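Peer 1: coords please:
(one chain, ligands or ions: 1)
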Amino acid sequence: MWNREGLKEFIKQKMADYLFVIVSNREPYVHTFQGEEIKCGMPASGVTMALDPVMQSCGGIWIAHGSGDADKEVVDAHNHIQVPPEESRYTLRRVWLTKEEEAGYYYGFSNEALWPLCHVVYTRPTFKSADWETYKKVNELFSRTVLEEIGDKKAFVFIQDYHFALLSRLIREKNPNCILSQFWHIPWPNPEAFRICPWKEEILHGLLGNDLLGFHIRYHCMNFLETVDRMIEARTDYEKFEIIKGGKSTRVRPFPISIDFDEASSRGQSQEVEIEMRRLRKTLGLGGQIVGLGVDRIDYTKGIPERFRAIDLFFEKYPQYKGKVKFIQAGPLSRIHIQQYKDLNEELTRLMVEINFKYERGRWKPIQFHRSNFGKKELMALYRLADFCVVSSLHDGMNLVAKEYVASRADNTGVLILSQFTGAARELESALLVNPYDVDGLAENIRLAIEMTEGEKQKRMSKMREVVQKNNIYRWTGKVLSELLRFEFPEG
Ligand code: GDG
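Peer 2: Residues are numbered from 1 along each chain as shown. As a prediction, the model looks like this:
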């Protein structure tokens, strides 16, 4: 079984003389002012949640945008800080962006153009040439930072996500000896969807600067190969899942990302989480209730309105559950400067108020919506408290919440309702798989989850736990590195 120690050993044996560099937009640790005090927190982001344990085990440098208002206060003269704060296992290098850069590169091109372009959820992408120019400029800024950190060392640079489509090419031009790999954490759409992007050729050319390009599932790899095949001059090898352009090859492979299962599973059983559960049960008024849970960044891809409508329909069809079932939605706000996210927030408030008004009895309300960013301990306690968890994404590269919920259920209780449009649905076949566009079906699955026998729950949950325990984040990293350096993958 792959675990933290196994990965550490693997890296020591095979990559000892390489500097391990991760680049992402979001930083794994953010420093913010709370009054006069500086607090360090972890953002609600799938990418950083997945990769922080890997970096903690390998060591190295993580380069990311310094976004916290107290970030500058705590770095050294090289913009470095050792993290996690209590243990110093790796170096975080912060990159500073101006407000204009953040607006054009992050809110603009990354999240108003690429995010809706890659998720098939019928939200139209907005392409602005000024945003694209800023996106290019910020990719250049990050490439200079990477090159500065590497110097003349042998390095393996692992780039994360759609914020950096041009980065590998820019690094390679200046340092051809670097080993470069990129993981695209969101879906890659089919060529018909992608071809509307005015800068498609540059994006594809940029991504082919990598030695290895990873997606969560094979289907996204196929979409990428077909997109390249139709849109630029390159040789696409469908047998080897490889693209050759200008004599340089890029391998394209599926690597379904995961979590640190053992850590999550044992933390779920810890005493501090038990205490937190008692506290939450009291403060949230959950005593004697059947508890449903949703945990998502508030994003239009996550199908939260569909989930609320299904809850509405559930109580309409099964009024016997009024006063007995409570749904907790935990959802930190995300990308709030973008209009679609503001609209979504308003829609969710409106829906919640309407549904609660329709069914409330005395102090009981069907939906509780918490928009704050929960700490890891609280989040784990919520997973443990939930009799069922609903992941109803309209389209999602993987979805780690589904895997975290499974990891938290060491006693094999609980039911996962999972959208078939997530990458996770390919692995978690024992979940109740749903189509979130079918609100009736979703409501029916909420009833099924509530009425499922204990035996059936145990059977389904233990199967899912086996899958996530085996395909954990250390195995994922081991697979990426083995593929990249062409080692035979030790199954573990
Ligand atoms: C992208 C892809 C892919 C949520 N609320 C809080 C909180 N979270 C954490 C969860 C989870 C993470 O945020 C969300 O991860 P997801 O995978 O569900 O979603 P995205 O952020 O959209 O991630 C996705 C992922 O990248 C990895 O490749 O799975 O498909 O879209 O870990 O626990 N964390 C804290 N407080 C919260 O309130 N601390």
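Peer 1: Tell me how far residue 305 lies from residue 340.
Peer 2: 12 Å (C-beta to C-beta, to the nearest Å). Yep, even glycine has a C-beta here, placed from its N, CA and C like the rest.
Peer 1: next one: residue 434
Peer 2: Residue 434 is 24 Å from residue 340, by C-beta to C-beta.
Peer 1: Looking at those two, which is more packed in?
Peer 2: residue 434 (28 against 17; other C-beta atoms under 10 Å).
Peer 1: who touches that one in this structure?
Peer 2: Residues near residue 434 by C-beta atoms under 8 Å, 6 or more residues apart in numbering: 392, 417, 418, 419, 420, 441, 442, 445.
Peer 1: Filter the residues you listed down to the buried ones.
Peer 2: Buried subset of these (neighbour count, 16 or more other C-beta atoms under 10 Å): 392, 417, 418, 419, 442, 445.
Peer 1: Tell me which entries of those residues lie within helices.
Peer 2: Secondary structure from DSSP state H places 442, 445 of the buried ones among the contacts of residue 434 in helices.
Peer 1: could I get the buried ones among the contacts of residue 434 as CSV with distance to residue 122 and pLDDT?
Peer 2: Putting the buried ones among the contacts of residue 434 into CSV (distance: C-beta to C-beta, whole Å; pLDDT from 0 to 100) gives the following:
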residue, distance to residue 122, pLDDT
392, 16, 98
417, 22, 99
418, 21, 98
419, 15, 98
442, 18, 98
445, 23, 98
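Peer 1: How about residues contacting whichever helix or strand residue 221 is part of?
Peer 2: According to DSSP states H and E, residue 221 maps onto helix 218-231. The contact list for helix 218-231 (C-beta under 8 Å, 6+ apart) reads 184, 187-191, 194-195, 200-201, 204, 208, 213, 215, 234, 236, 238, 241, 243, 252-254, 397.
Peer 1: go with 6 Å
Peer 2: 187-188, 190-191, 194, 200, 204, 215, 234, 236, 243, 252, 254 (C-beta atoms under 6 Å, 6 or more residues apart in numbering).
Peer 1: quick one: contacts for the nearest residue to residue 159 once chain neighbours are set aside?
Peer 2: Nearest residue to residue 159, sequence neighbours excluded (C-beta to C-beta, 6 or more residues apart in numbering): residue 182, at 4.1 Å. By C-beta under 6 Å, 6+ apart, the contact list for residue 182 reads 159, 168, 210, 213.
Peer 1: Now intersect those with the strands, please.
Peer 2: Here DSSP state E is the test, and the contacts of residue 182 give 159, 213 as lying in strands.
Peer 1: Can you tell me which of the contacts of residue 182 is closest to residue 467?
Peer 2: residue 213 (24.7 Å; C-beta to C-beta).
Peer 1: Return the distance of that closest one relative to the ligand.
Peer 2: Here the criterion is C-beta to the nearest ligand atom, to the nearest Å. By it, residue 213 lies 14 Å from the ligand.
Peer 1: so what's that residue bridging to?
Peer 2: With beta bridges defined as DSSP bridges, residue 213 has these partners: residue 182, residue 252.
Peer 1: Would you mind confirming that it makes contact with residue 252?
Peer 2: Yes - with contacts counted by C-beta atoms under 6 Å, residue 213 reaches residue 252, the gap being 5.1 Å.
Peer 1: for residue 153, what are its contacts?
Peer 2: Contacts of residue 153 by C-beta under 6 Å, 6+ apart are residue 19.
Peer 1: quick revisit: how about the contacts of residue 434, which pair is most distant?
Peer 2: 418 and 441 (12.7 Å).
Peer 1: Would you pull up the residue in the protein closest to the ligand?
Peer 2: With C-beta to the nearest ligand atom, the shortest gap between the chain and the ligand falls at residue 46, namely 2.4 Å.
Peer 1: Can you pull out the residues in contact with stretch 324-338?
Peer 2: 44, 107, 111, 289-299, 311, 341, 367-371, 373-374.
Peer 1: Check the spacing between residue 110 and residue 28 real quick.
Peer 2: 18 Å.
Peer 1: Could I get the full set of helices for the stretch 1-150 of the chain?
Peer 2: For the stretch 1-150 of the chain, the helices defined by DSSP state H, counting those that start in this stretch occupy 4-15, 46-58, 71-74, 99-101, 115-118, 129-150.
Peer 1: Could you do the stretch 301-450 of the chain as well?
Peer 2: 304-317, 339-359, 376-385, 400-408, 439-451.
Peer 1: helices and strands around the last one, which ones?
Peer 2: Identification of packing neighbours for helix 439-451 by 3 or more C-beta pairs under 6 Å, 6 or more residues apart in numbering; DSSP states H and E yields helix 304-317, strand 415-419, strand 432-434.
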